[in-house]
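K.L.:
Mind looking at a prediction? Sequence and model below.
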Amino acid sequence: MKVRVGVIGTGAIGADHARRLSKVLVGAEVVALTDVNRENAEKVKANLGLNAEIYGDGHELIAAGDVDAVLVTSWGPTHEEYVLAAIEAGKYVFCEKPLATTAEGCRKIVDAEIAHGKRLVQVGFMRPYDAGYRLLKQAIDDGELGEPLMVHCAHRNPEVPEAYITPMAIQDTLVHELDVLRWLLDDDYVSAQVIFPRTTKYSHSKLADPQIVLLETAKGVRIDVEVFVNCKYGYDIQCSVVGEEGVANLPEPVSITTRKEAKLSQTLLTDWKKRFIDAYDVELQDFIDGIKVRELTGPTSWDGFAAAVASDACVKAQETGQVEAINMPPRPPFYG
Ligand code: NAI
Ligand code: NAD
Ligand code: ISE
(Lines give C-alpha, C1' and ligand atoms only; values in the text may rest on other atoms or scores of the structure.)
(Ligands and ions follow the chains in the order given, each with its own letter.)
Protein backbone atom coordinates (compact mmCIF):
# COMPACT_ATOMS: atom_id res chain seq x y z
CA MET A 1 0.00 0.00 0.00
CA LYS A 2 1.31 3.43 -0.93
CA VAL A 3 1.49 6.22 1.63
CA ARG A 4 -1.06 8.83 0.50
CA VAL A 5 0.52 12.28 0.89
CA GLY A 6 -0.98 15.78 0.96
CA VAL A 7 1.27 18.79 0.17
CA ILE A 8 0.62 22.18 1.80
CA GLY A 9 2.40 24.91 -0.17
CA THR A 10 3.30 24.12 -3.77
CA GLY A 11 5.95 26.75 -4.44
CA ALA A 12 9.60 26.04 -5.28
CA ILE A 13 10.30 23.22 -2.85
CA GLY A 14 6.70 21.97 -2.53
CA ALA A 15 6.56 21.42 -6.29
CA ASP A 16 9.97 19.75 -6.26
CA HIS A 17 9.05 17.44 -3.36
CA ALA A 18 5.74 16.57 -5.11
CA ARG A 19 7.79 15.66 -8.19
CA ARG A 20 10.17 13.40 -6.28
CA LEU A 21 7.33 11.71 -4.36
CA SER A 22 5.37 10.99 -7.54
CA LYS A 23 8.19 10.39 -10.08
CA VAL A 24 11.38 9.39 -8.29
CA LEU A 25 10.71 7.67 -4.97
CA VAL A 26 8.84 4.48 -4.20
CA GLY A 27 5.93 3.82 -1.85
CA ALA A 28 4.12 7.16 -1.97
CA GLU A 29 1.47 8.94 -4.03
CA VAL A 30 0.44 12.59 -3.90
CA VAL A 31 -3.34 12.63 -3.38
CA ALA A 32 -3.89 16.18 -2.12
CA LEU A 33 -2.53 19.67 -2.69
CA THR A 34 -3.23 23.13 -1.36
CA ASP A 35 -1.70 26.56 -1.76
CA VAL A 36 -2.89 30.06 -0.75
CA ASN A 37 -2.29 30.81 -4.38
CA ARG A 38 -4.55 28.10 -5.85
CA GLU A 39 -2.96 28.48 -9.29
CA ASN A 40 0.33 27.13 -7.89
CA ALA A 41 -1.40 23.92 -6.81
CA GLU A 42 -3.24 23.62 -10.11
CA LYS A 43 0.04 24.04 -12.02
CA VAL A 44 1.77 21.32 -9.99
CA LYS A 45 -1.20 18.97 -10.47
CA ALA A 46 -1.19 19.55 -14.25
CA ASN A 47 2.61 19.47 -14.71
CA LEU A 48 2.98 16.18 -12.84
CA GLY A 49 -0.28 14.68 -14.15
CA LEU A 50 -1.44 13.97 -10.60
CA ASN A 51 -4.77 12.47 -9.66
CA ALA A 52 -4.97 14.77 -6.64
CA GLU A 53 -7.69 16.78 -4.93
CA ILE A 54 -6.99 20.50 -4.44
CA TYR A 55 -8.20 21.72 -1.05
CA GLY A 56 -9.22 25.24 0.02
CA ASP A 57 -6.68 25.33 2.86
CA GLY A 58 -4.17 23.30 4.85
CA HIS A 59 -6.63 22.37 7.60
CA GLU A 60 -9.10 20.83 5.13
CA LEU A 61 -6.24 18.87 3.58
CA ILE A 62 -5.02 17.57 6.97
CA ALA A 63 -8.58 16.47 7.85
CA ALA A 64 -9.09 14.59 4.55
CA GLY A 65 -9.76 10.90 5.19
CA ASP A 66 -7.51 9.68 2.36
CA VAL A 67 -4.45 11.71 3.47
CA ASP A 68 -2.08 9.51 5.53
CA ALA A 69 0.81 11.98 5.75
CA VAL A 70 1.32 15.71 5.26
CA LEU A 71 4.18 17.70 3.73
CA VAL A 72 4.40 21.29 4.98
CA THR A 73 6.27 23.30 2.35
CA SER A 74 4.48 26.62 2.67
CA TRP A 75 6.20 29.79 3.96
CA GLY A 76 8.04 29.45 7.27
CA PRO A 77 5.56 31.45 9.44
CA THR A 78 2.74 29.02 8.51
CA HIS A 79 4.58 25.84 9.54
CA GLU A 80 3.78 25.80 13.27
CA GLU A 81 0.01 25.94 12.76
CA TYR A 82 -0.05 23.08 10.24
CA VAL A 83 2.36 20.82 12.13
CA LEU A 84 0.29 21.22 15.31
CA ALA A 85 -2.88 20.44 13.35
CA ALA A 86 -1.30 17.30 11.84
CA ILE A 87 -0.21 16.07 15.30
CA GLU A 88 -3.72 16.78 16.61
CA ALA A 89 -5.09 14.65 13.75
CA GLY A 90 -2.51 11.91 14.54
CA LYS A 91 -0.95 12.16 11.05
CA TYR A 92 2.71 11.88 10.07
CA VAL A 93 4.13 15.23 8.96
CA PHE A 94 7.29 16.22 7.12
CA CYS A 95 7.93 19.92 7.72
CA GLU A 96 10.42 22.01 5.77
CA LYS A 97 12.79 24.13 7.83
CA PRO A 98 12.15 26.07 9.96
CA LEU A 99 9.89 23.86 12.07
CA ALA A 100 8.53 27.13 13.47
CA THR A 101 9.97 30.63 13.25
CA THR A 102 10.67 30.85 17.01
CA ALA A 103 12.00 28.47 19.65
CA GLU A 104 8.74 28.98 21.55
CA GLY A 105 6.76 27.75 18.53
CA CYS A 106 9.02 24.70 18.16
CA ARG A 107 8.65 23.93 21.87
CA LYS A 108 4.85 23.81 21.44
CA ILE A 109 5.34 21.22 18.70
CA VAL A 110 7.75 19.19 20.86
CA ASP A 111 5.25 19.26 23.75
CA ALA A 112 2.33 18.27 21.49
CA GLU A 113 4.30 15.37 20.02
CA ILE A 114 5.37 14.11 23.45
CA ALA A 115 1.74 14.38 24.65
CA HIS A 116 0.68 12.36 21.59
CA GLY A 117 3.12 9.67 22.76
CA LYS A 118 4.74 8.74 19.42
CA ARG A 119 6.99 10.47 16.87
CA LEU A 120 4.98 11.95 14.00
CA VAL A 121 7.26 14.78 12.84
CA GLN A 122 10.33 14.85 10.57
CA VAL A 123 12.02 18.20 9.85
CA GLY A 124 13.38 18.91 6.36
CA PHE A 125 17.01 19.26 7.38
CA MET A 126 18.48 17.32 4.45
CA ARG A 127 22.21 17.85 4.95
CA PRO A 128 22.64 14.93 7.37
CA TYR A 129 21.46 12.78 4.42
CA ASP A 130 24.12 14.22 2.06
CA ALA A 131 26.88 11.75 1.14
CA GLY A 132 29.61 14.39 1.61
CA TYR A 133 28.52 15.39 5.11
CA ARG A 134 28.19 11.69 6.00
CA LEU A 135 31.84 11.13 4.99
CA LEU A 136 32.89 14.08 7.15
CA LYS A 137 30.95 12.67 10.11
CA GLN A 138 32.49 9.25 9.61
CA ALA A 139 35.99 10.79 9.67
CA ILE A 140 35.20 12.62 12.92
CA ASP A 141 33.49 9.65 14.58
CA ASP A 142 36.35 7.30 13.59
CA GLY A 143 38.81 9.69 15.23
CA GLU A 144 40.73 10.18 11.96
CA LEU A 145 41.30 13.89 12.71
CA GLY A 146 41.76 13.59 16.46
CA GLU A 147 39.32 15.76 18.40
CA PRO A 148 37.69 18.51 16.27
CA LEU A 149 38.86 21.98 17.36
CA MET A 150 37.53 24.40 14.75
CA VAL A 151 35.09 24.42 11.82
CA HIS A 152 35.18 26.96 8.96
CA CYS A 153 32.07 27.20 6.80
CA ALA A 154 30.60 29.27 4.00
CA HIS A 155 26.98 29.34 2.83
CA ARG A 156 26.79 31.35 -0.39
CA ASN A 157 23.78 31.96 -2.63
CA PRO A 158 24.13 33.83 -5.94
CA GLU A 159 21.34 36.29 -5.06
CA VAL A 160 18.18 36.74 -3.01
CA PRO A 161 15.01 38.81 -3.62
CA GLU A 162 14.23 42.11 -1.79
CA ALA A 163 11.86 40.26 0.57
CA TYR A 164 14.93 38.54 2.09
CA ILE A 165 16.02 40.75 5.01
CA THR A 166 18.85 40.71 7.59
CA PRO A 167 17.41 38.16 10.12
CA MET A 168 16.67 35.73 7.27
CA ALA A 169 20.41 35.19 6.82
CA ILE A 170 20.06 33.33 10.12
CA GLN A 171 16.49 31.95 10.06
CA ASP A 172 16.41 30.87 6.44
CA THR A 173 20.03 30.23 5.52
CA LEU A 174 22.38 29.70 8.51
CA VAL A 175 19.72 27.38 9.99
CA HIS A 176 21.11 24.57 7.78
CA GLU A 177 24.57 24.94 9.39
CA LEU A 178 22.98 25.24 12.84
CA ASP A 179 21.42 21.84 12.28
CA VAL A 180 24.15 19.98 10.43
CA LEU A 181 27.10 21.10 12.60
CA ARG A 182 25.32 20.07 15.80
CA TRP A 183 24.80 16.62 14.22
CA LEU A 184 28.32 16.49 12.78
CA LEU A 185 30.05 17.34 16.08
CA ASP A 186 27.51 15.65 18.37
CA ASP A 187 27.56 18.82 20.42
CA ASP A 188 25.34 21.79 21.37
CA TYR A 189 26.01 25.52 21.00
CA VAL A 190 26.67 27.74 23.99
CA SER A 191 27.23 31.17 22.43
CA ALA A 192 26.92 33.20 19.24
CA GLN A 193 28.22 36.46 17.83
CA VAL A 194 27.53 38.09 14.47
CA ILE A 195 29.99 40.33 12.65
CA PHE A 196 29.03 42.53 9.71
CA PRO A 197 31.81 43.12 7.17
CA ARG A 198 31.49 45.82 4.52
CA THR A 199 28.16 45.29 2.65
CA THR A 200 28.21 44.25 -0.99
CA LYS A 201 26.80 46.72 -3.51
CA TYR A 202 24.55 43.90 -4.75
CA SER A 203 22.60 43.77 -1.47
CA HIS A 204 19.21 45.40 -0.79
CA SER A 205 18.43 48.22 1.67
CA LYS A 206 17.04 45.85 4.33
CA LEU A 207 19.80 43.23 4.11
CA ALA A 208 23.29 43.35 5.59
CA ASP A 209 25.24 40.97 3.35
CA PRO A 210 27.64 39.24 3.97
CA GLN A 211 27.61 38.28 7.65
CA ILE A 212 30.02 36.21 9.73
CA VAL A 213 28.55 34.10 12.51
CA LEU A 214 30.86 32.88 15.29
CA LEU A 215 29.62 29.97 17.38
CA GLU A 216 31.07 28.15 20.37
CA THR A 217 30.00 24.65 21.41
CA ALA A 218 29.74 23.03 24.83
CA LYS A 219 32.93 21.02 24.07
CA GLY A 220 34.76 24.26 23.17
CA VAL A 221 34.81 23.90 19.36
CA ARG A 222 34.88 27.31 17.62
CA ILE A 223 32.92 27.69 14.40
CA ASP A 224 32.86 30.50 11.86
CA VAL A 225 30.21 30.62 9.14
CA GLU A 226 30.26 33.16 6.34
CA VAL A 227 26.70 33.74 5.09
CA PHE A 228 26.87 35.59 1.77
CA VAL A 229 23.62 35.48 -0.18
CA ASN A 230 24.40 37.84 -3.07
CA CYS A 231 27.79 36.38 -3.88
CA LYS A 232 26.91 36.40 -7.60
CA TYR A 233 29.18 33.57 -8.73
CA GLY A 234 27.20 30.48 -7.67
CA TYR A 235 25.59 28.38 -4.95
CA ASP A 236 28.52 27.31 -2.86
CA ILE A 237 28.56 25.36 0.41
CA GLN A 238 31.90 24.92 2.18
CA CYS A 239 32.73 23.11 5.41
CA SER A 240 36.21 22.43 6.73
CA VAL A 241 36.76 20.61 10.03
CA VAL A 242 40.12 21.20 11.72
CA GLY A 243 41.08 18.50 14.20
CA GLU A 244 44.10 17.82 16.41
CA GLU A 245 45.71 15.63 13.74
CA GLY A 246 44.29 16.77 10.43
CA VAL A 247 41.75 18.67 8.39
CA ALA A 248 38.73 17.28 6.48
CA ASN A 249 36.81 19.23 3.84
CA LEU A 250 33.26 18.70 2.54
CA PRO A 251 33.64 17.26 -1.00
CA GLU A 252 32.74 19.49 -3.93
CA PRO A 253 29.77 18.38 -6.08
CA VAL A 254 30.87 16.20 -9.02
CA SER A 255 31.77 18.25 -12.09
CA ILE A 256 33.89 17.59 -15.16
CA THR A 257 37.17 19.43 -15.55
CA THR A 258 37.55 21.18 -18.88
CA ARG A 259 40.74 22.26 -20.60
CA LYS A 260 39.87 24.84 -23.22
CA GLU A 261 41.26 28.12 -24.59
CA ALA A 262 44.19 28.09 -22.17
CA LYS A 263 41.88 27.64 -19.17
CA LEU A 264 41.40 24.75 -16.75
CA SER A 265 37.82 24.99 -15.44
CA GLN A 266 34.96 23.33 -13.58
CA THR A 267 31.35 24.50 -13.55
CA LEU A 268 29.83 25.57 -10.23
CA LEU A 269 26.15 25.09 -9.36
CA THR A 270 23.86 28.09 -9.05
CA ASP A 271 20.62 26.47 -7.82
CA TRP A 272 20.12 25.12 -4.27
CA LYS A 273 17.70 22.51 -5.68
CA LYS A 274 20.58 20.77 -7.48
CA ARG A 275 23.26 21.03 -4.78
CA PHE A 276 21.48 18.64 -2.41
CA ILE A 277 19.25 16.84 -4.91
CA ASP A 278 20.30 13.37 -3.74
CA ALA A 279 19.93 14.29 -0.08
CA TYR A 280 16.35 15.52 -0.67
CA ASP A 281 15.56 12.21 -2.36
CA VAL A 282 17.04 10.18 0.50
CA GLU A 283 15.41 12.24 3.29
CA LEU A 284 11.93 11.93 1.79
CA GLN A 285 12.35 8.22 1.02
CA ASP A 286 13.40 7.79 4.65
CA PHE A 287 10.21 9.59 5.75
CA ILE A 288 8.02 7.31 3.58
CA ASP A 289 9.86 4.15 4.67
CA GLY A 290 9.59 5.25 8.32
CA ILE A 291 5.83 5.65 8.02
CA LYS A 292 5.54 2.13 6.63
CA VAL A 293 7.23 0.61 9.70
CA ARG A 294 5.64 3.24 11.98
CA GLU A 295 8.99 4.57 13.15
CA LEU A 296 10.50 7.84 11.93
CA THR A 297 14.28 8.12 12.28
CA GLY A 298 15.12 11.43 10.52
CA PRO A 299 15.62 14.91 12.04
CA THR A 300 13.22 15.35 14.97
CA SER A 301 11.10 18.15 16.41
CA TRP A 302 13.85 18.40 19.03
CA ASP A 303 16.39 19.07 16.26
CA GLY A 304 14.02 21.73 14.89
CA PHE A 305 13.76 23.23 18.39
CA ALA A 306 17.56 23.15 18.92
CA ALA A 307 18.15 24.97 15.62
CA ALA A 308 15.52 27.56 16.58
CA VAL A 309 17.07 28.18 20.04
CA ALA A 310 20.44 28.85 18.37
CA SER A 311 18.79 30.85 15.59
CA ASP A 312 16.97 33.13 18.08
CA ALA A 313 20.30 33.80 19.87
CA CYS A 314 22.03 34.61 16.56
CA VAL A 315 19.29 37.09 15.60
CA LYS A 316 19.70 38.71 19.03
CA ALA A 317 23.46 38.83 18.43
CA GLN A 318 22.83 40.57 15.09
CA GLU A 319 20.90 43.26 16.98
CA THR A 320 23.18 43.71 20.02
CA GLY A 321 26.59 43.17 18.43
CA GLN A 322 27.47 41.21 21.58
CA VAL A 323 28.31 37.59 22.31
CA GLU A 324 24.92 36.06 23.20
CA ALA A 325 24.44 32.93 25.31
CA ILE A 326 22.64 29.94 23.80
CA ASN A 327 20.79 28.11 26.55
CA MET A 328 19.67 24.70 25.35
CA PRO A 329 17.50 22.76 27.82
CA PRO A 330 18.26 19.04 28.32
CA ARG A 331 16.89 16.66 25.67
CA PRO A 332 13.71 14.87 26.79
CA PRO A 333 14.17 11.03 26.90
CA PHE A 334 11.35 10.82 24.26
CA TYR A 335 13.95 11.94 21.65
CA GLY A 336 16.57 9.36 22.62
P1 NAI B 1 7.95 29.32 -2.15
O2 NAI B 1 7.54 30.72 -1.84
O3 NAI B 1 8.46 28.98 -3.49
O4 NAI B 1 6.74 28.36 -1.90
C5 NAI B 1 5.90 28.48 -0.81
C6 NAI B 1 4.52 28.14 -1.26
O7 NAI B 1 3.68 28.06 -0.14
C8 NAI B 1 3.95 29.19 -2.16
O9 NAI B 1 3.42 28.57 -3.29
C10 NAI B 1 2.86 29.82 -1.32
O11 NAI B 1 1.80 30.27 -2.10
C12 NAI B 1 2.49 28.68 -0.42
N13 NAI B 1 1.94 29.03 0.82
C14 NAI B 1 2.33 29.96 1.66
N15 NAI B 1 1.54 29.99 2.71
C16 NAI B 1 0.66 29.03 2.54
C17 NAI B 1 -0.41 28.55 3.30
N18 NAI B 1 -0.75 29.07 4.46
N19 NAI B 1 -1.13 27.54 2.84
C20 NAI B 1 -0.81 27.01 1.68
N21 NAI B 1 0.19 27.42 0.90
C22 NAI B 1 0.91 28.42 1.34
O23 NAI B 1 8.95 28.91 -1.02
P24 NAI B 1 10.00 27.74 -1.01
O25 NAI B 1 11.32 28.22 -1.48
O26 NAI B 1 9.39 26.58 -1.68
O27 NAI B 1 10.13 27.49 0.52
C28 NAI B 1 9.14 26.81 1.22
C29 NAI B 1 9.71 26.28 2.50
O30 NAI B 1 10.72 25.40 2.20
C31 NAI B 1 10.32 27.30 3.41
O32 NAI B 1 10.05 26.98 4.72
C33 NAI B 1 11.77 27.19 3.12
O34 NAI B 1 12.54 27.58 4.24
C35 NAI B 1 11.90 25.75 2.84
N36 NAI B 1 12.98 25.47 1.95
C37 NAI B 1 13.85 24.52 2.31
C38 NAI B 1 14.92 24.24 1.52
C39 NAI B 1 15.87 23.21 1.94
O40 NAI B 1 16.98 23.19 1.41
N41 NAI B 1 15.49 22.34 2.83
C42 NAI B 1 15.16 24.94 0.28
C43 NAI B 1 14.13 25.89 -0.03
C44 NAI B 1 13.09 26.14 0.81
P1 NAD C 1 7.97 29.43 -2.18
O2 NAD C 1 7.57 30.83 -1.88
O3 NAD C 1 8.46 29.07 -3.53
O4 NAD C 1 6.76 28.49 -1.90
C5 NAD C 1 5.93 28.68 -0.80
C6 NAD C 1 4.56 28.31 -1.23
O7 NAD C 1 3.72 28.23 -0.09
C8 NAD C 1 3.95 29.31 -2.14
O9 NAD C 1 3.43 28.67 -3.26
C10 NAD C 1 2.85 29.92 -1.30
O11 NAD C 1 1.77 30.33 -2.07
C12 NAD C 1 2.51 28.79 -0.38
N13 NAD C 1 1.94 29.13 0.85
C14 NAD C 1 2.29 30.08 1.68
N15 NAD C 1 1.51 30.08 2.73
C16 NAD C 1 0.67 29.07 2.58
C17 NAD C 1 -0.36 28.54 3.36
N18 NAD C 1 -0.70 29.05 4.52
N19 NAD C 1 -1.02 27.48 2.92
C20 NAD C 1 -0.69 26.96 1.76
N21 NAD C 1 0.28 27.41 0.97
C22 NAD C 1 0.95 28.46 1.38
O23 NAD C 1 9.00 29.02 -1.07
P24 NAD C 1 10.01 27.84 -1.08
O25 NAD C 1 11.34 28.30 -1.56
O26 NAD C 1 9.37 26.66 -1.70
O27 NAD C 1 10.17 27.62 0.48
C28 NAD C 1 9.16 27.00 1.19
C29 NAD C 1 9.73 26.45 2.46
O30 NAD C 1 10.74 25.54 2.15
C31 NAD C 1 10.34 27.47 3.35
O32 NAD C 1 10.07 27.16 4.68
C33 NAD C 1 11.80 27.33 3.07
O34 NAD C 1 12.59 27.70 4.18
C35 NAD C 1 11.92 25.89 2.79
N36 NAD C 1 13.02 25.61 1.91
C37 NAD C 1 13.88 24.64 2.26
C38 NAD C 1 14.95 24.34 1.47
C39 NAD C 1 15.90 23.29 1.86
O40 NAD C 1 17.00 23.28 1.32
N41 NAD C 1 15.53 22.41 2.75
C42 NAD C 1 15.14 25.03 0.29
C43 NAD C 1 14.20 26.00 -0.06
C44 NAD C 1 13.14 26.27 0.78
C1 ISE D 1 16.59 28.51 1.22
O2 ISE D 1 15.34 28.63 1.88
C3 ISE D 1 17.24 27.23 1.56
O4 ISE D 1 16.86 26.50 2.41
C5 ISE D 1 18.53 27.01 0.86
O6 ISE D 1 19.05 25.74 1.15
C7 ISE D 1 19.47 28.09 1.34
O8 ISE D 1 20.72 27.98 0.70
C9 ISE D 1 18.90 29.46 1.05
O10 ISE D 1 19.77 30.44 1.56
C11 ISE D 1 17.51 29.61 1.68
O12 ISE D 1 16.97 30.87 1.34
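P.N.:
Okay, I see it. Numbering: from 1, shown residues only. Ligands and ions are numbered 1, 2, ... in the order given.

K.L.:
C-alpha from now on. contacts and neighbour counts both.
P.N.:
Fine.

K.L.:
Show me where the chain has its helices.
P.N.:
12-19, 38-48, 58-63, 79-88, 103-116, 131-141, 168, 175-185, 272-275, 277-292, 301-320 (DSSP state H).

K.L.:
Next, format those as TSV and append distance to ligand 2, mean neighbour count and mean pLDDT.
P.N.:
Shown next, in TSV, are the helices of the chain (distance: least, CA to the nearest ligand atom, whole Å; neighbours: other CA atoms under 10 Å; pLDDT from 0 to 100):
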stretch	distance to ligand 2	mean neighbour count	mean pLDDT
helix 12-19	4	19	98
helix 38-48	6	17	98
helix 58-63	6	20	98
helix 79-88	7	20	98
helix 103-116	14	18	98
helix 131-141	14	17	98
helix 168	10	15	96
helix 175-185	8	20	98
helix 272-275	7	15	95
helix 277-292	8	19	98
helix 301-320	12	23	98
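
K.L.:
Near Val293, how many residues? Count them for me, please.
P.N.:
Neighbour count for Val293, taken as other CA atoms under 10 Å: 8.

K.L.:
Tell me what Lys260 is bridged to.
P.N.:
Lys263 (DSSP bridges).

K.L.:
neighbours of it, just the number please.
P.N.:
Neighbours of Lys260 under the rule other CA under 10 Å: 8.

K.L.:
who's in contact with the residue nearest in space to the middle of the chain?
P.N.:
What sits nearest the mean C-alpha location of the chain, by CA atoms, centre = their mean, is Phe125, with 3.4 Å. For Phe125, the contacting residues are 96-97, 176, 179-180, 299, by CA atoms under 8 Å, 6 or more residues apart in numbering.

K.L.:
and it, backbone torsions?
P.N.:
As for Phe125, its main-chain torsions (degrees, to the nearest 10) stand at phi -90, psi 100.

K.L.:
now swap in Ala262 and tell me
P.N.:
phi 60, psi 30.

K.L.:
Look at it and say how many residues are nearby.
P.N.:
Counted with other CA under 10 Å, the burial measure for Ala262 works out to 6 neighbours.

K.L.:
Just the local confidence number for Met1, please.
P.N.:
Per-residue confidence at Met1 stands at 87 (pLDDT).

K.L.:
For the nearest residue to it once chain neighbours are set aside, grab the count of nearby residues.
P.N.:
Computed as CA to CA, 6 or more residues apart in numbering, the closest residue to Met1 that is not its neighbour in sequence is Gly27, at 7.3 Å. By the criterion of other CA under 10 Å, Gly27 has 14 neighbours.
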